[in-house]
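Undergrad: kindly return the folded structure for what I paste below:
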Amino acid sequence: WQARIFDGNPNLMRERETRRILSMSNTATTTVLNLADTIEHALYGVADNRPLSADYHSGDQVLVCDATQCEQRVVQSVSDASRQVQVNKLQTPLSRFNLKPDHAPPADNPRTPDNFPHPVGALRKFSPVGTPVYYWTRLDDELDQHVAHGRRPVMVLHGSPVDACRLGRPENELGGECTDRPKSYLQWDAIVRRLVTHIVDRYGTQALDWTWSIGNEPELFWTGTDDEFLAYYDYTANSILRGFEERGLDTARLRIGGGEATGLFPGYEDQLLYHASPTANFPSGQFEERNHVCIDPAFNGKRAARVAAICSANDNKGTPLDFISVHSYDHADAAAADLQRTHQQARAIDAVTFDRLAVNSHETTPDWIPRRDPDSREGYRWGTFASAWGADYFRRMLEPAMADPRKARGEALMTVWPFNYNFEGVASIAGQLRIDQDGDGSEDRVDAVKTPFWLFAEVAARMSHDVASILPRQDAGVVLSGWRSVGPADDRILLYAHDKFDTGSSERGGWDVQLELSGLRFPLVEVREYRIDPAHPARAALAALPRRTSTQLYRPFEVEAFEALADLRQEGTPVTHAVSGGHLTLATRLLSQGIVYLELRRPDGDGDAVYDPDDNCAAVANPGQEDGDADGRGDACDCAPGDAGAWALPGEVDGLVFDADRTTLQWSSAAPACGPATVHDVYRESEGHGPPGNAPDGSCVANGETGSSASDAAIPAPGSAWRYLVRGRNACGAGPWSAGAPELGCGP
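TA: Residues are numbered from 1 along each chain as shown. Got it, this is the predicted structure:
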């Protein structure tokens, strides 16, 4: 991403036979091509100075290309000595070819592996096709990072690698794939299967849980016809399935789909839906209704099991389609409506086949690239519009899913383009700050930083999947709503106020909200409150960050100050409320374009996520609740974790009294608090000799007493008194006789 949009943007696959065109000249009937190795051939494992005659032969059809155009020609002759190939004369004047003979790769980001050039003049095989060779490093580098963080990638195949494409030219002059069909679907089948087996060999069965999508906004970018795109879909789906089958994996859980329609042309998705249906035909009749793989004899014996089943069961009609994706850059109400409309379209076309179809949006933000409106840019900068938009979007998808569980199968994925430098407010819910680390005035790195949307994502991710929406209210065009989730030990509530026209989060008004909650399961709840709105923490974070253009630099201390203030933080201290009959009334203040997030937890004093009455160590964090001796006290707070009769050192024994018989001594047993194996020692001495332990006549009245009483029939002499002391003792040790008393020699 260093050179405008593409930095050479490598294709994973090249053909071994492709050569760089250094120069061209015409004869009366031919064009002479002077050739050399491609700049990046070694990265694909292609040997230097490979003989041309090994790769090109008289009569071969070839593509003569620069970065923007290709002509299909026929090879007339090949010379290894002169490194030349002659083709029948080009129709385009040679002056119109930009071969870039002196082109060098752009300066690369040192953290990005390898160095790729922008497209240059190239000679490519057409028929017969060439030999695929592969470059995996950048793909592996990217996917390794996502997999290491527990992410589930969406793999999107659209168009063809340039060398495998019938057009032979990239998406634009800077690089990229070719947005057209392959020149050979048999070669494409081999390429896709190789991609899949490489991924399975590297990441294992988890690749079955990734999303495999075909197409990318074909109504805008696909160069061929719509019918050719449907053929591309059929062949690509078959090849993905075959790749998993080659590794012996069950593809029943694999999710294949796509379209990735723009949403700009409602109903465009119908083409793929009709084609995927084994029973419905497109009303205009302009498309091939059969699966192209089913009717292509070249694929006899090369059909995936799932495709072969479709072919035999449905007279070659239908194609694998587990989800359909619609890109929706729009207001929350319109974005959610796009997905609901697609649900309705699918079931109107074929209610049986699409009964469990998931409707996704693999690209979505509030707007595409707001370039002029400063308020709209603020929505991507540090305003809280995007947070409230996300909350409203989710709630609008949650409500129909509650009514029809089939609609709970879809996903909406946020778009994170690398365009939002220094919070310029361009098309990304992530921000990137340019940093001068050493103060020399030059850029040393670019760091991603939070925007308020990520704070919304953070609190939403804390909620359980057992959720229900809160019925919306509207006031002055602002939607007030939210949802509540239920977990084993808490209820969590997210409230929001969203005005779809206030993209700059300029409104400063708010609402006093009273929540009447029912169905609470605990007698006490501890309430924690978090806020994401123009005042919490946006204003402080913005004040800490100087306003700069997208090309200027920040120093590390400025970024650190910003990030310290931009983090989510709890408002005040937790407040404990008594719950009566499952009901509780809570009051809060909800600002426009704001979110209030409430956690109603069972009390948990040690913060180990175990409710105090259920916690076997209520004062010591032990989330695992380990209890090796099964005495009901966790090992973390058990001083004798291998002895079920003791778990705490006895404290000072109190409640010491004589019964009316003046013989029986009673005390409060230490056993209930310390363990049933706790015993007691009783000591007696004359009074009047100072602190305990100083009298000359001290003796042990009882030793190892398991109960809470002992007898002493002795009577002190007239005019004197005896002092009695009791202590508890167990496997954890002996407790004190009294405050400051020494060891008195009564015990084991």
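
Undergrad: Ile199: what's it in contact with?
TA: For Ile199, the contact set (CB atoms under 8 Å, 6 or more residues apart in numbering) comprises 143, 155, 207. Every residue, glycine included, has its C-beta placed from N, CA and C.

Undergrad: quick check: mean pLDDT of stretch 297-313?
TA: The average of the pLDDT scores along stretch 297-313 is 97.

Undergrad: tell me the buried residues in that stretch?
TA: For stretch 297-313, a neighbour-count test (16 or more other CB atoms under 10 Å) marks 299, 302-304, 306-308, 310-311 as buried.

Undergrad: what's it in contact with?
TA: 185-186, 189, 234, 237-239, 241-242, 245, 251, 278, 291, 293-294, 316-320.

Undergrad: about what we covered before: ok, which pair from the buried residues of stretch 297-313 is furthest apart?
TA: Greatest spatial distance in the buried residues of stretch 297-313: Lys302 and Ile310, 14.6 Å, computed using CB to CB.

Undergrad: among the contacts of Ile199, which are located in strands?
TA: When DSSP state E defines the strands, the subset of the contacts of Ile199 inside them is Met155.

Undergrad: out of the contacts of Ile199, who has the most neighbours?
TA: If you count neighbours using other CB atoms under 10 Å, the busiest of these is Ala207, which has 23 neighbours.

Undergrad: where does this protein have low pLDDT?
TA: For the chain, the stretches with pLDDT under 70 are 1-9, 106-113, 371, 739-740.

Undergrad: quick one, what contacts the spatially closest residue to Val478 that is not a sequence neighbour?
TA: Take Val478 and drop its neighbours on the chain: the residue closest to it by CB to CB, 6 or more residues apart in numbering is Asp499, 4.6 Å away. Contacts here follow CB under 8 Å, 6+ apart; on that basis Asp499 touches 388, 477-479, 507, 592-593.

Undergrad: try Asp322
TA: Contacts of Asp322 by CB under 8 Å, 6+ apart are 254-257, 357-358.

Undergrad: out of the residues you listed, grab the one that's most surrounded.
TA: By neighbour count, taken as other CB under 10 Å, the most surrounded of those turns out to be Gly257 (25 neighbours).

Undergrad: pull the CA atoms of the helix or strand hosting that residue into PDB?
TA: Assessed by DSSP states H and E, Gly257 sits inside strand 255-261. This file holds the C-alpha atoms of strand 255-261, laid out as PDB (Å, rounded to 0.1, in the frame of the first residue of the first chain):
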ATOM      1  CA  ARG A 255     -19.400 -22.400   3.400                       C
ATOM      2  CA  ILE A 256     -19.300 -21.400  -0.200                       C
ATOM      3  CA  GLY A 257     -21.100 -18.400  -1.700                       C
ATOM      4  CA  GLY A 258     -20.500 -14.900  -2.800                       C
ATOM      5  CA  GLY A 259     -21.700 -12.400  -5.300                       C
ATOM      6  CA  GLU A 260     -20.300  -9.600  -3.200                       C
ATOM      7  CA  ALA A 261     -22.700  -7.300  -5.000                       C
END
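
Undergrad: pull up the pairing partners for it, direction included.
TA: Using DSSP bridges, the strands paired with strand 255-261 are strand 211-214 (parallel), strand 323-326 (parallel).

Undergrad: ok, residues contacting that strand?
TA: Strand 255-261 is contacted by residues 156, 158, 210-219, 233, 237, 240-241, 268-269, 272, 320-327, 358, 360, 362-363 when judged by CB under 8 Å, 6+ apart.

Undergrad: buried only: go through those for me.
TA: Going by neighbour count (16+ other CB under 10 Å), the contacts of strand 255-261 have 158, 210-219, 233, 237, 240-241, 268-269, 272, 320-327, 358, 360, 362-363 buried.

Undergrad: just the residues you listed: which are in strands?
TA: Among those, the ones falling in strands (DSSP E) are 211-214, 323-326, 358, 360, 362-363.

Undergrad: what secondary structure does Asp140 sit in?
TA: Using DSSP: H, G, I helix; E, B strand; the rest coil, the structure places Asp140 in helix.

Undergrad: so who does the residue nearest to Asp466 when sequence neighbours are not counted touch?
TA: Among residues not flanking Asp466 along the chain, Val486 sits closest, at 4.8 Å (CB to CB, 6+ apart). By CB under 8 Å, 6+ apart, the contact list for Val486 reads 464, 466-467.

Undergrad: return the list of strands paired to the helix or strand harbouring Val486, each annotated with direction.
TA: Per DSSP H and E: Val486 is located in strand 478-487. Using DSSP bridges, strand 478-487 pairs in its sheet with strand 467-475 (antiparallel), strand 490-498 (antiparallel).

Undergrad: list the buried residues of the first one.
TA: If I follow you right, that is strand 467-475. 467, 469-470.

Undergrad: show me the contact partners of it.
TA: 395, 398-399, 402, 479-486, 493, 495, 511.

Undergrad: skipping adjacent residues, who's closest to Arg347 in space?
TA: Phe354 (5.7 Å).

Undergrad: could you measure the one you found against Phe423, distance?
TA: 42 Å (CB to CB, to the nearest Å).

Undergrad: kindly report the same for Pro128.
TA: In terms of CB to CB, Pro128 sits 53 Å off from Phe423.

Undergrad: what about those two, which has more around it?
TA: Counted by other CB under 10 Å, Pro128 and Phe423 do not tie: Phe423 has more neighbours, with 22 against 13.
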